[in-house]
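> Generate a structure from the sequence data that follows.
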Amino acid sequence: MPFIGVQPADIVLASGSIGSNVIDSDHYVDGSIDTAHIGDDQITLAKIASGTDGELITWDASGNPAAVGAGTSGHFLKSQGAGSVPVFAAAASGAWKLLETETASGSAALDFTAFNSSLYSSYMFLIENIHPATDGRDLWIQTSTNAGSSFATSAYRWVNTENTVNPAITAKGHENDSAIRIMANDNTMGNAADEGVSGTVMLYAPENSALVTMFTSNIIVHTSGDNAESFTGGGMTAPSLVVDGVRFLLDDGSNMDTGVIRMLGMVK
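Residues are numbered from 1 along each chain as shown. Down below sits the predicted model:
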C-alpha cells in the first residue's frame, strides 16, 4: 500500500499480531507451500482430487503419480515389471482361482454357490481335515439348481472304489440315491483328535443343461478303526440340470466340528 515519508522497516510479526482465520489462500504465491510445511498424516481422502471408481493410484517410470484404469469385472491386477504401470487383465485360461472358503465349526453342512458360467468351466473342491462331531461318519455331496436355496435329495448316481488293507478293494455304487457318496463304506470317518478326511472333488461343466453334471473324487480317510482308507469314485446328477450350488454333509446329518473346504474355479 502507498505510504507517506520514510518506508517503515520490515518486522517479524508475532503470532498475536495476526488474527485467526484472516489470511486467505489468495495471499500465497502459487506453489509456495513446500513439503516441510505440510504435517504428516494431514492429507485426508477428502483432499485428494476426485477420480474414477475402480481406478488405483500408482507411480510411473519417472516416479510421478499415475492412475491404473479400472478393469473389467472379473479381471486381475497384473504387474508389468519395474518401471511399468500395472494393468487389470483377464487371467490366462486354465488358471485356478480361489472362489469360496467354508470352515466347519459345528456345521451340519458346508454350502458353495460361487458359480459363474461366463468365467469358469469346471470347479475343484479341496477338502482339508474335515472332522466329524460323532464317530463313524461318511462325507456326501448334494447339488442345487437355485443357488443354494434348496438341495436335491434324490436321483443321484455314483460309483466308488474303497482301498483298504483287508480286503484290498471293494466296489460299490447306486443308481438313485439321496446324495453322491464320496465315501461309500458306511460309517467310516473317525472323530478321535487325529482322525478325519481330506481329498479333492472335481465338478465338470455344471452349466451345461444338455448333459448330466459329473463329479470325480479322490479321498483319504483316517478311520474310526484307526486305519487308512482311500476312496476313488465319481457321481452325477439325474436328470440333466444346471447346477449352481454344492453341499457337503455327513451321512446322518450330524455336525462337522472342524476342517476347511475350498472352492476353486478353472478360468475359461
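> distance of the closest residue to residue 115 other than its chain neighbours from residue 87?
Nearest non-adjacent residue to residue 115, counting by CB to CB, 6 or more residues apart in numbering: residue 244, 4.6 Å away. For the C-beta atoms, the positions are set from N, CA and C on the backbone; glycine is no exception. From residue 244 across to residue 87, the span is 31 Å (CB to CB, to the nearest Å).
> Confirm for me that the residue nearest to residue 115 is in contact with residue 149.
No: counting by CB atoms under 8 Å, residue 244 sits too far from residue 149 to count as a contact (10.1 Å).
> Which of the two has more residues huddled nearby?
Counted by other CB atoms under 10 Å, residue 244 and residue 149 do not tie: residue 244 has more neighbours, with 19 against 9.
> Would you mind listing where the stretch 101-250 of the chain has pLDDT under the threshold?
167 (pLDDT under 70).
> Let me see the contact set for the residue nearest to residue 233 when sequence neighbours are not counted.
Excluding the flanking residues, the one nearest residue 233 by CB to CB, 6+ apart is residue 160, at 3.4 Å. Going by CB atoms under 8 Å, 6 or more residues apart in numbering, residue 160 touches 171, 172, 173, 181, 182, 183, 184, 217, 231, 232, 233.
> Kindly recompute the last result at 6 Å.
Counting by CB atoms under 6 Å, 6 or more residues apart in numbering, residue 160 makes contact with 172, 184, 231, 233.
> Look up how far residue 220 lies from it.
14 Å.
> Hmm, residue 255 is touching residue 133, no?
Yes: here residue 255 reaches residue 133: they are 4.3 Å apart, a contact under CB atoms under 6 Å.
> For the helix or strand encompassing the residue nearest to residue 233, which residues meet the burial criterion?
Assigned by DSSP states H and E, residue 160 belongs to strand 156-163. Buried residues in strand 156-163, counted by 16 or more other CB atoms under 10 Å: 156, 157, 158, 159, 160, 162.
> Bridged to the last one, which residues?
According to DSSP bridges, the residues that bridge with residue 162 are residue 170, residue 231.
> Fine, thanks again, bye for now.
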